[in-house]
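Visitor: how would this look folded up:
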Amino acid sequence: MKDPVTDLTDRLALLVVRYNVAFNTGKDGPGHYLCTLADYLIGRVALGDQNAVSRLRAVVEPADLASASFWATPLGRLLFAAGGCGPAAMTQQDAADVLGCSRQYVNELVTGGRLLSVAPPAGSRARGRLVDTAQVRALLAQRLDKLVKQNVS
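Guide: Residues are numbered from 1 along each chain as shown. Sure, this is the predicted structure:
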């Protein structure tokens, strides 16, 4: 699994390639700045800079933002902890993916009172219990420093 800086650098490089193809520049464009930009954005997101969160969301494909598998990556976790996702409630499995633990551990967090169980909205197709996204974010934010420091110097 890629660390957040490498993941973001790769996504930015893809944007550079798309730019070069779209505008037929035939140059590398801003490619040599990608690592510096990725480091800067990751650092700003870790500090809770909402402008950086918005920019990072713009770099990530919308389909990735809608997939649970993205939120389980280090970059997704960093973005999630900074408030880069919106649902008020999530399934216990999605919470487990984001937190990097088992669904059983999330269930223990619910029964222990560290996560609030939320009833599915009326008419929802969600099965099973949901948990409060803000509390999942708070639990993840407690580990955010560790996630950022191990990947960004």
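Visitor: okay, CA-based contacts and neighbour counts for the rest of this
Guide: Fine.
Visitor: List the buried residues for the lengthiest helix in the chain?
Guide: Using DSSP state H, we find that the single longest helix of the chain is helix 4-23. Under the neighbour-count criterion of 16 or more other C-alpha atoms under 10 Å, helix 4-23 has 4-13, 16-17, 19 buried.
Visitor: who are the neighbours in contact with the most centrally placed residue in the chain?
Guide: Centroid-nearest residue in the chain, with C-alpha atoms, centre = their mean: residue 76, separated by 2.1 Å. Counting by C-alpha atoms under 8 Å, 6 or more residues apart in numbering, residue 76 makes contact with 70, 98.
Visitor: Now do it against residue 85, distance only.
Guide: Noted for residue 76: a distance of 9 Å to residue 85, by C-alpha to C-alpha, to the nearest Å.
Visitor: Look up phi and psi at residue 131.
Guide: Dihedral angles of residue 131 (phi, psi; degrees, to the nearest 10) stand at phi -120, psi 160.
Visitor: Please read the previous query as pertaining to residue 132.
Guide: Dihedral angles (degrees, to the nearest 10) for residue 132: phi -70, psi 120.
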